[in-house]
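Undergrad: quick one: sequence plus predicted model below, questions after.
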Amino acid sequence: MTQSPLLLRRLLRAKDRMDGAPHEEWPIGRLAEVSAVSVAYFAREFKKAFGLPPHRYLLTRRIERATALLRDTDLPITDIAFQTGWTSLGTFGRIFRDISGASPGELRLRERALPQAGEHIPECVARNAQRPDLTIAVLEKRRMKADGKL
């Protein structure tokens, strides 16, 4: 059974809000309110429509933005963490490493050491190719890595 176009428009409204302000707090209740549906219904239908729960989608957007700022600016890592919606530098660093496989500082050094071969690739295509894969929860990834399964 497919989702109705009206529901998809409502879900896209919440997704667009997260895309427009990923640095803001987006509790599930606020997102459901933006979509004008109940909290449980929103969470279930968002995952069905976009393949990720709302929290993981927002995490993906924040990590994408942080990666771009690390690569393209000289801002301190602390400023980047706060600009992308993190309230704790430690949490930002830990989750960034869990998702990207490198600390923010390591990623910045690695990205800057690479030649700019992708200058002629449209930004939307490059971002899509570099988008973090969060089909598995971060904590589950950490457990799998500790067990040697990842």
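TA: Perfect, thanks for sending it. These numbers come from a predicted model, not from an experiment.

Undergrad: quick one: the helix or strand Glu33 falls within to chain centroid distance?
TA: For Glu33, the host element (DSSP states H and E) is helix 28-35. Centre-to-centre, helix 28-35 and its host chain are 18 Å apart (Cα atoms, centre = their mean, to the nearest Å).

Undergrad: quick check: mean pLDDT of it?
TA: Averaged over helix 28-35, pLDDT sits at 96.

Undergrad: in that helix, which residues are buried?
TA: Across helix 28-35, burial judged by 16 or more other Cβ atoms under 10 Å covers Ile28, Leu31, Ala32, Val34, Ser35. All C-beta atoms are positioned from the backbone trio N, CA, C, and that covers glycine.

Undergrad: alpha carbons only: can I get that helix in PDB?
TA: Extracted as PDB, the C-alpha positions of helix 28-35 are listed here (Å, rounded to 0.1, in the frame of the first residue of the first chain):
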ATOM      1  CA  ILE A  28       9.700  14.300  16.900                       C
ATOM      2  CA  GLY A  29       6.700  16.200  18.400                       C
ATOM      3  CA  ARG A  30       7.800  19.400  16.600                       C
ATOM      4  CA  LEU A  31       8.200  17.500  13.300                       C
ATOM      5  CA  ALA A  32       4.800  15.900  13.700                       C
ATOM      6  CA  GLU A  33       3.200  19.300  14.400                       C
ATOM      7  CA  VAL A  34       4.800  20.700  11.200                       C
ATOM      8  CA  SER A  35       3.200  17.800   9.300                       C
END
